[in-house]
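*Asks:* starting from these lines, generate the structure:
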Amino acid sequence: MKSKRTSLADIAESLNVSKSTVSFVLNGKGKQFNISETTQKLILEKAKELNYVPNYFAKGLREGKTQTIGLVLADISNPFYSELSKAIQESLYEKGYSLFIVSTNDDVTMELKLIRDLILRSVDALIIAPCNGIPALKPVLDETPIPVVWVDRIGDEFADFVGVDNYLEASMLIKRFSQLPKKVGILHPKRSDVMTIQLRIDGTKSACEKNGIPYQLAGLTENAEESVELVKQLVDSGVDSLVALNNKVALHAINALNLLKVDIPGKVRIISFDDSEAFSYFAPPVTALRQPVGDIGKETVERLMDRLKESTENRKHLMMECSFIERGSH
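*Replies:* Below you'll find the predicted structure:
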């Protein structure tokens, strides 16, 4: 059975000294409070003997800061969010902060609970890639004075945001094809009400309409048979260009095209919104729009550090530019 965690009171009782004396010594303030070197040595040796581990959480509560940040992500299994959390964690580590990461699975109820849990853990600030239920979040965020920075998905105008202009970036993809499309297939995840995906859909549709290009929407699932059938219907209807609105959808589409033995880019061209390490290994390699994920993470942390310093600077919505990675599929 696991033994009880050693407390300051345990050390104090074993040496017949006060709890405050033990606390002063273990916090490096023994000399400041005129505690003898002999007593300091005894306390330090006893703490080591009893395997005392400082309770940094309690210390943080006493000092009003815990040096921890809460990161609320929509889906940690998404490669974009995995890369983003890595960039944020590395930047925070350099500044002496630790990170609590939670994943909401785009569930508003779960999101509210997890944010409340992080606040109860006394995180110093929150970085949030929100679900679509921004109005539902406001009451809980209004309850706490801690800073919030939105990342990837815009929250509201009253907090900083760092990400990309999904509508604009998607709208520019139509003219990126090596030939102007005759008909475009806009491929999105089956669940298309996520704000970033909806903006990408709207941007792609707008570009098609401005250029007089017919288009067709298709929601792909992770079911290979369903994806093959949907892609077959698109190709049979005359679609010669596909815009996949994230890299997971792109992978499903390419798998379907290969199973259907459709020549890429001879018969059908494809561009992915969001890059993937795997894309350069395909035949042909997949052309993609790459978000500056590392820079988004670093800039998010910089925004947060300013807010932790109680900066009075106006809140900023920083839209960062994507890079178009030309390979062979477009």
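
*Asks:* where does the nearest residue to residue 274 once chain neighbours are set aside fall, phi/psi-wise?
*Replies:* Closest residue to residue 274 apart from its sequence neighbours, by CB to CB, 6 or more residues apart in numbering: residue 247 at 4.2 Å. Just so you know, the C-beta spots here come from the backbone N, C-alpha and C atoms, and that holds for glycine as well. Here is the backbone geometry of residue 247 (degrees, to the nearest 10): phi -70, psi -30.

*Asks:* tally of neighbours for residue 247?
*Replies:* Residue 247: 23 surrounding residues under other CB atoms under 10 Å.

*Asks:* likewise residue 53?
*Replies:* 9.

*Asks:* so it sits against residue 6, correct?
*Replies:* Yes. Contact criterion CB atoms under 8 Å: residue 53 and residue 6 qualify, at 7.3 Å.

*Asks:* what residues are up against the residue nearest to residue 274?
*Replies:* Listed by CB atoms under 8 Å, 6 or more residues apart in numbering, the contact partners of residue 247 are 79-80, 272, 274-276, 279, 288.

*Asks:* secondary structure class for residue 161?
*Replies:* For residue 161, the secondary structure call by DSSP: H, G, I helix; E, B strand; the rest coil comes out as strand.

*Asks:* model confidence for it, exactly?
*Replies:* What the model reports for residue 161 is a pLDDT of 92.

*Asks:* okay, and the beta partners of it?
*Replies:* Residue 161 has these beta-bridge partners by DSSP bridges: residue 150, residue 317.

*Asks:* from residue 26, how far out is residue 208?
*Replies:* 66 Å (CB to CB, to the nearest Å).

*Asks:* care to break this protein down by domain?
*Replies:* 8-54, 66-164+294-322, 167-290 (automatic domain parsing).

*Asks:* now the ones you listed as JSON lines including distance to residue 329?
*Replies:* Output for the domains of the chain, formatted as JSON lines (distance: least, CB to CB, whole Å):
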{"stretch": "domain 8-54", "distance to residue 329": "54"}
{"stretch": "domain 66-164+294-322", "distance to residue 329": "17"}
{"stretch": "domain 167-290", "distance to residue 329": "5"}
